[in-house]
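*Asks:* Here's a sequence, model it:
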Amino acid sequence: MDWDDFKHFLAVARGGSLTAAAQTLKSSPATVGRRVAALERKLGTRLFDRRQSGYALTESGNAIRVKAQDMEDAIISAEREALGRDLRATGKVRVAASDDIAAHVIAPSLGQFRRLYPGIMLEIVARMDLVNLSRREADIALRGVRPTTGDVVVRPAGIWPYGLYASRSYCETYGLRPGHLDFSRAAIITWTEPYAHQRGGPWFARHAAGATVALTSDSPRVHFAACKAGIGVAILPS
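*Replies:* The predicted model follows:
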């Protein structure tokens, strides 16, 4: 059996479609489809029900998924063991962080890092969603949310304080000042639903549940730009 076939199968099982799997694997939907079809022929069973809404695991597919995940864990563990024995600081390191942490925390130190470790090529993935370190979607992730699953090592990297912000003109219009924030009058700038648990989202849910929402976005840079444009109150890094 070819592990690559199982890798493509797992990507479809997790993504629910050939397109989502292809994006994860940096491949094409046609290639992913061929790999899955090849695995089904080798195993002599149908692994997915092809539906209009996407690919759904069959009973056989679900059983194979459990075994394939065990294979994946064993392969990743072996790779980690091999990498751990090589003490030279060389090769590619994939770092995941939100775009603002990447720009304001990581980027200013890149010159010094390059001088200290010229053999390392950094790849920075700036995105808000949580990558899966166990599946090697990244080697290191800088996040404001502590992971609760996965075989990972967690270390505090520093403090990233936040505060409530609004433009001067917005504050003057709605009579906002430190210690006097009336959310019955002020509108808020917050996260889209998939990221409602991120940075300040839970605070707004508790303290500004009835507030008018001026804008939602999955980008902290958009939050900042909208706040600066004077459309509402945002929770931003200090």
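*Asks:* Show the contacting residues for Asp49.
*Replies:* Residues in contact with Asp49 (Cβ atoms under 8 Å, 6 or more residues apart in numbering) are 55-58. Glycine gets a C-beta too; all of them are placed from N, C-alpha and C.
*Asks:* where does it land in three-state SS?
*Replies:* Of the three states, Asp49 takes strand under DSSP: H, G, I helix; E, B strand; the rest coil.
*Asks:* And the helix or strand bottoming out on mean pLDDT in the chain, what's buried?
*Replies:* Lowest on mean pLDDT, DSSP states H and E among the helices and strands of the chain sits helix 59-85, with a mean of 81. The neighbour-count check on helix 59-85 (16 or more other Cβ atoms under 10 Å) flags 61, 64-65, 68, 72 as buried.
*Asks:* Go through the contacts of Asp49 and give me the one with the most neighbours.
*Replies:* Most neighbours among the contacts of Asp49, by other Cβ atoms under 10 Å: Tyr55, with 23 neighbours.
*Asks:* just to revisit the earlier point, among the contacts of Asp49, which one sits closest to Val154?
*Replies:* Sorting the contacts of Asp49 by how near they are to Val154, with Cβ to Cβ, puts Leu57 at the top with 31.3 Å.
*Asks:* what angle do the helix or strand that contains His8 and helix 59-85 make?
*Replies:* Secondary-structure assignment from DSSP states H and E places His8 in helix 3-15. Put simply, helix 3-15 runs at 110 degrees to helix 59-85, going by axes from the mean of the first three to the mean of the last three Cα atoms, to 10 degrees.
*Asks:* Quick one: residues in contact with helix 3-15.
*Replies:* Helix 3-15 has contacts (Cβ under 8 Å, 6+ apart) with 18, 20-25, 27, 31-32, 35-36, 38-39, 42, 47-48, 55, 57, 61, 64-65, 68-69, 71-72, 75.
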